[in-house]
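> The sequence isn't on hand, but the structure is:
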């Protein structure tokens, strides 16, 4: 949930980099939460049509709300592997072109049944599939080691912060007292008493 909220917080940030965990946790929770508006539309029968496509009112609102943060985290994820974020934008454009212009049902519905339009539709579909597969591979790939032209490695920054937090917790006074009680950190007063006992100044 932490990574999902982080992506939402940076909903309009298209610069910098995002690690795999942030991207895939955002994708996972968006998909899970998206089942709720789908169920609402199904139970209420709240649908509308654009051409031959049927859409749910609640689902459409949900998708519009999360469109911008989804694009932003996708662009940052591509930056993490050293690629331009225009790849995901180009893939989305091809998807909508095919769905609303060149898909066979829409061509038949509009009356444009010539083989030329179907041929263009096939080309758009192939390009969409190629870009989609390539983007999926890049989304699964580990980020560039160290800094690239889009910024510092977010995984290395997180590891550094976690290490600092761990060290700070170990040096807190309450942790030192706990370690002294457990015998892991020597107490200076104990050393003093032991030394005095050896000298005979403190009764044993």
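Received it, and whenever you're ready, just let me know what you need. Remember, it's a predicted structure, so these values are computed and weren't measured experimentally.
> going forward, measure contacts between C-alpha atoms and count neighbours the same way
Fine.
> What ranges does this protein have for its strands?
47-50, 53-56 (DSSP state E).
> of all those, which lies closest to residue 26?
Nearest to residue 26 among these is strand 53-56 (22.1 Å), distances taken as CA to CA.
> Going by neighbour count, list what's buried in the closest one.
By neighbour count on 16 or more other CA atoms under 10 Å, the buried set for strand 53-56 is residue 56.
> how near is the closest residue to residue 85 other than its chain neighbours to residue 1?
Excluding the flanking residues, the one nearest residue 85 by CA to CA, 6 or more residues apart in numbering is residue 75, at 4.3 Å. Separation of residue 75 from residue 1 (CA to CA, to the nearest Å) stands at 20 Å.
> same question, residue 158
Relative to residue 1, residue 158 is positioned 16 Å away (CA to CA).
> Could you do residue 49 as well?
Using CA to CA, residue 49 is found at 34 Å from residue 1.
> Equivalent analysis for residue 77, please.
18 Å.
> cool, residue 9 as well?
Residue 9 sits 12 Å away from residue 1, going by CA to CA.
> Could you do residue 87 as well?
For residue 87 relative to residue 1 (CA to CA), the value is 27 Å.
> same deal with residue 122?
On the measure of CA to CA, residue 122 and residue 1 end up 40 Å apart.
> Over to residue 23?
Separation of residue 23 from residue 1 (CA to CA): 12 Å.
> Which residue of the two possesses the greater neighbour count?
Counting neighbours by other CA atoms under 10 Å for residue 23 and for residue 1 shows that residue 23 has the greater number, 23 against 10.
> That one: what's it in contact with?
Going by CA atoms under 8 Å, 6 or more residues apart in numbering, residue 23 touches 3, 7, 73, 74, 77, 139.
> now, among those residues, which is nearest to residue 83?
Using CA to CA, residue 77 is the member of the contacts of residue 23 that lies nearest residue 83, at 8.7 Å.
> what about that closest one, how many residues close to it?
30.
> do residue 9 as well
For residue 9, using other CA under 10 Å, the count is 11.
> confidence score at residue 197?
What the model reports for residue 197 is a pLDDT of 47.
> Apologies, that question was intended for residue 104.
Note on residue 104: pLDDT of 67.
> Same question for residue 187.
pLDDT recorded at residue 187 is 49.
> And for residue 16?
Note for residue 16: predicted pLDDT of 94.
> Pull the contacting residues for it.
Taking CA under 8 Å, 6+ apart as the test, what residue 16 contacts is 76, 79, 80, 150, 151, 152.
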